[in-house]
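In: what would the 3D arrangement of this be:
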Amino acid sequence: MGIYRLLLAIAVLLSHLGITVYGRNIGVFAVVSFFILSGYVMTALLDRHYRQFSSIGKFYLDRAMRLFPQFLFYFFLTLLLITIARPSSPFIGDVTLPKILLNVIMLPLNFFQYFLNCQIIPQAWSLGLESQFYLVIPLVVVCQVRGPVFVASLAFFLLAYLGILDSDTWGYRMLPGTLFMFILGSYIYRTPGKRSLYAAYLLVCAMLAGVVIHRGWQLPFTFEVLAGLVFGVPAVWVLSKLSFGWIEELAGNLSYGVFLNHFFVIWLFQGIGISGYSWWYVYALIASSIALACVSYLLVERPVIRLRHVLRKRSAPIDLRGELRT
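Out: Modelled structure (predicted):
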């Protein structure tokens, strides 16, 4: 799944350059696919290494060791760039110490409406949602309540789908309305019955058809979210059946860095006077982002991977399908 993850990260990058597909936000599409992937991988991780209730604390440590090292590296690197180059962006129009602290702890990042003008890594709002999912998923999986939680979250999403709640906030950025998307990925890894997964998928397809047919239902991001689910579920299912080699592994290792660093590169290009209207700008931006991701992987991520593997060995790992890059 490594190449898929890298392509999704690049799609997020392109969306922040204003690049769309038929007017649709490809970044939203990609982020929803990340949700499905996360649900799949976290269920695999729990099944193999953290199956007992007593090991949930170690799972949280494992996830912190995954999310924070590169995040903090790029956070402080971007903060240094903002201080020196002072790039022009609405995301960083009011950088204050209290708001910086809200950014650095990650967990509240999807509540960015409370600090709109201080988003040091703007795309990292989804890491706030991801970290909240990490807090919840071991309890859901270990306590075997995926079904009820899925139904409750889907019902909440329907409120956003129908316009009763704000579709952008509650249908895309907050855990109550997105948890079922993560659990769809969890069901791909391990489902009590294929009929349940098929029924859930067909319901999502029907909702997407409703948006396409009934234009009055096309609220902000509802099309992109549902399209991301309709595409992402079979994509993850197919990819989960394939073996992968070193190219897949390399691409997967770089994907997180590309996701995190592209606003830094955008603002760096702005600071040194590279025009966004140059024909080669997008290509240079992608190449620079990938190159920087290589550096952060080697210097920051790879040493921590060894520590995560040690932690998992101490938690009596159960390897059922081969090691995932998580």
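
In: what segments of the stretch 1-150 of the chain are strands?
Out: 20-21, 24-25 (DSSP state E, counting those that start in this stretch).

In: direction included, what does the first one pair up with?
Out: Strands adjacent to strand 20-21 in the sheet, as given by DSSP bridges, are strand 24-25 (antiparallel).

In: between the strands of the stretch 1-150 of the chain, which gets nearest to V212?
Out: strand 24-25 (11.7 Å; C-beta to C-beta). Where you see a C-beta, it was placed from the backbone N, CA and C, and this is true even at glycine.

In: mind putting the strands of the stretch 1-150 of the chain in a markdown table, mean neighbour count, distance to W267 and mean pLDDT included?
Out: Formatted as a markdown table, those follow (neighbours: other C-beta atoms under 10 Å; distance: least, C-beta to C-beta, whole Å; pLDDT from 0 to 100):
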| stretch | mean neighbour count | distance to W267 | mean pLDDT |
| --- | --- | --- | --- |
| strand 20-21 | 13 | 22 | 93 |
| strand 24-25 | 17 | 21 | 94 |
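
In: distance to P303 for the ones you listed - can I get that in a markdown table?
Out: Converted to a markdown table, these look like this (distance: least, C-beta to C-beta, whole Å):
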| stretch | distance to P303 |
| --- | --- |
| strand 20-21 | 38 |
| strand 24-25 | 36 |
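
In: what helix or strand is L229 located in?
Out: Taking DSSP states H and E as the definition, one finds L229 inside helix 222-240.

In: for that helix, name the packing helices and strands.
Out: Under the contact criterion of 3 or more C-beta pairs under 8 Å, 6 or more residues apart in numbering; DSSP states H and E, helix 222-240 touches strand 24-25, helix 26-49, helix 175-189, helix 194-213.

In: make it 10 Å
Out: Judged by 3 or more C-beta pairs under 10 Å, 6 or more residues apart in numbering; DSSP states H and E, the packing partners of helix 222-240 are helix 2-15, strand 20-21, strand 24-25, helix 26-49, helix 146-161, helix 167-168, helix 175-189, helix 194-213.

In: quick revisit: among the strands of the stretch 1-150 of the chain, which is nearest V141?
Out: strand 24-25 (30.9 Å).

In: neighbouring contacts of the closest one?
Out: A11, V12, S15, G18, I19, V31, P220, F221, F223, E224, V225, A227 (C-beta atoms under 10 Å, 6 or more residues apart in numbering).

In: most remote residue from this protein's center?
Out: For the chain, the largest distance from the centre (C-alpha atoms, centre = their mean) belongs to G273, which lies 30.7 Å off.

In: hmm, back to that, CSV for the helices and strands packed on helix 222-240, including distance to N110?
Out: Output for these, formatted as CSV (distance: least, C-beta to C-beta, whole Å):
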stretch, distance to N110
helix 2-15, 15
strand 20-21, 23
strand 24-25, 17
helix 26-49, 11
helix 146-161, 14
helix 167-168, 11
helix 175-189, 8
helix 194-213, 22
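
In: alright, that wraps it up for me.
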